[in-house]
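Asker: Okay, here's the prediction I keep looking at, along with the sequence it came from:
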Amino acid sequence: MTPEIAPEVLDQKLIISGIHLDLTDGMKQHVREKVSKLLRHEPHIVRVRVTIEYHQTKSNHGQFTAKGQIEIQGPDVVSGESADDAYAAIDKLVSELDRGLRKRSTNRMSKRDKPRSIDLDAELPKVD
């Protein structure tokens, strides 16, 4: 069982913003719940930025885009997802960010476990 993240720590590490829409308390709480799962998997996360954007289309309904960036030592994990519903876009985004963290972790482990290949037949440069 993974430990719970303290709300103070979550508030320090999470930045939520909305573009062309006002974020409701329900949306903010939904993002907090989903991002807390990411923080439980990887404790070395420095900051998580989540931006929810609303695009008005010519039809009556709009499109929601959720973009996320996980700041962590090394290259950041960045992803973006779109859906007709803001909550669905957030769910897709968090699953993509989680997949990115897993991929980053496995890549780092595989690089660490594999020794570099050295060509023993190559000629060494002559030193005078």
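Answerer: All right, it came through fine. Numbers count the residues shown, from 1 in each chain.
Asker: Poorly predicted segments of the chain, please.
Answerer: Counting by pLDDT under 70, the chain has low-confidence residues at 1-3, 58-60, 111-125, 128.
Asker: Which stretches in it count as strands?
Answerer: Ranges of strands within the chain are 14-19, 45-56, 62-72, 77-83, based on DSSP state E.
Asker: Point out the other helices and strands that the last one packs with.
Answerer: For strand 77-83, the elements it packs on are strand 62-72, helix 86-113, judged by 3 or more C-beta pairs under 8 Å, 6 or more residues apart in numbering; DSSP states H and E. Placement of C-beta: from N, CA and C, glycine included.
Asker: The last one packs against which elements?
Answerer: Looking back up the chat, that one is helix 86-113. Here helix 86-113 touches helix 25-41, strand 45-56, strand 62-72, strand 77-83, going by 3+ C-beta pairs under 8 Å, 6+ apart.
Asker: Most tightly packed of the ones you listed?
Answerer: Using mean count of other C-beta atoms under 10 Å, the stretch among the helices and strands packed on helix 86-113 with the largest mean neighbour count is strand 62-72, at a mean of 19.
Asker: coming back round to it: got the helices and strands packed on helix 86-113 as JSON lines, with distance to residue 6 columns?
Answerer: Shown next, in JSON lines, are those (distance: least, C-beta to C-beta, whole Å):
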{"stretch": "helix 25-41", "distance to residue 6": "10"}
{"stretch": "strand 45-56", "distance to residue 6": "14"}
{"stretch": "strand 62-72", "distance to residue 6": "19"}
{"stretch": "strand 77-83", "distance to residue 6": "23"}
